[in-house]
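[1] Coordinates only, no sequence provided:
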């Protein structure tokens, strides 16, 4: 009986030992789901209670606005800082060759601008055509008259000394619009003279 009891006890020990040797699959086992028990995850995900759960702020959805057109601000024109002394168009020729004006410039500068329209003459030029049968042709061309000229002369009124001068033709060139700038105080005589021209003259000064 003693031997039977010992044998039964030995069998029971072997059964219990084989049951306790079963191992859980490791993380390398494809069959493992990777889930951890609540006891294992409690240390990582515990909420310490500082934050209060809330509803996320709603996101507004709206169509993209098109470009807005705006008119640029209107800038008022800058006032002319000069005083207009003379603004006139005059024809100069044998019947009216010259004008003269005196002016005491106490607030420089004195600015004289002029635009000359000379008398035009038509000339005929005989030449040979470069096309077809090379016939002789007459070409008409317009030129300023050789007798057209205009001069602005500014002098010291007492001495007659020329302090500024410019014009059209007679050695002053063929530019039809020019400007004279005089920045010195003085009592001046301004002479306008010409022939076979129509001229627009504008004179301005810093003050009167």
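    Happy to help now that I have it. Keep in mind that what you see is a predicted model, and the values were worked out from it rather than measured. Numbering: from 1, shown residues only.
[2] Please work out how many residues are found near residue 124.
    A total of 8 residues lie near residue 124 under the criterion other CB atoms under 10 Å. In this view, the C-beta of every residue, glycine as well, is placed from N, C-alpha and C.
[3] what's the following helix or strand after the helix or strand hosting it?
    Assigned by DSSP states H and E, residue 124 belongs to strand 120-128. Heading C-terminal from strand 120-128, the first helix or strand you meet, by DSSP H and E, is strand 136-144.
[4] packing partners for the helix or strand just after that following strand?
    Downstream of strand 136-144, the first helix or strand assigned by DSSP H and E is strand 149-156. For strand 149-156, the packing partners by 3 or more CB pairs under 8 Å, 6 or more residues apart in numbering; DSSP states H and E come out as strand 110-118, strand 162-168, strand 177-182, strand 186-195, strand 197-205.
[5] thinking again about what came up before, so what are the sheet partners of the strand holding residue 124 and their directions?
    strand 136-144 (antiparallel) (DSSP bridges).
[6] List of residues touching the partner strand?
    Strand 136-144 is contacted from outside by 118-129, 169, 174, using CB atoms under 8 Å, 6 or more residues apart in numbering.
[7] Any stretches of this protein with poor pLDDT?
    1-70, 129-134 (pLDDT under 70).
[8] picking up where we left off before, report the buried residues of the strand holding residue 124.
    For strand 120-128, a neighbour-count test (16 or more other CB atoms under 10 Å) marks nothing as buried.
[9] still on that earlier bit, relative to residue 184, which of the contacts of strand 136-144 is nearest.
    residue 169 (27.3 Å; CB to CB).
[10] Need phi/psi at that closest one.
    phi 70, psi -180 (degrees, to the nearest 10).
[11] Give me the nearest residue to it, chain neighbours excluded.
    Closest residue to residue 169 apart from its sequence neighbours, by CB to CB, 6 or more residues apart in numbering: residue 149 at 3.4 Å.
[12] so the one you found makes contact with residue 195?
    Yes. Residue 149 lies in contact with residue 195 (CB atoms under 8 Å); the separation is 5.7 Å.
[13] What residues does residue 188 make contact with?
    So residue 188 contacts 102-105, 110, 154-157, 163, 182 (CB under 8 Å, 6+ apart).
[14] Number of residues surrounding residue 99?
    Residue 99: 15 neighbours (other CB under 10 Å).
[15] my read: it touches residue 90, true?
    Yes. Judged on CB under 8 Å, residue 99 makes contact with residue 90 at a distance of 6.8 Å.
[16] joint contacts of these two?
    residue 192.
[17] Can you tell me the closest non-neighbouring residue to residue 153?
    Using CB to CB, 6+ apart, the nearest residue to residue 153 is residue 191, at 4.4 Å.
[18] check contacts around residue 113.
    By CB under 8 Å, 6+ apart, residue 113 lies in contact with 177-180, 201-203.
[19] and the two most separated of those?
    Among the contacts of residue 113, 177 and 203 lie farthest apart (CB to CB), at 14.8 Å.
[20] Who has more neighbours out of those two?
    A count of neighbours by other CB under 10 Å puts residue 203 above the other of residue 177 and residue 203, at 22 against 10.
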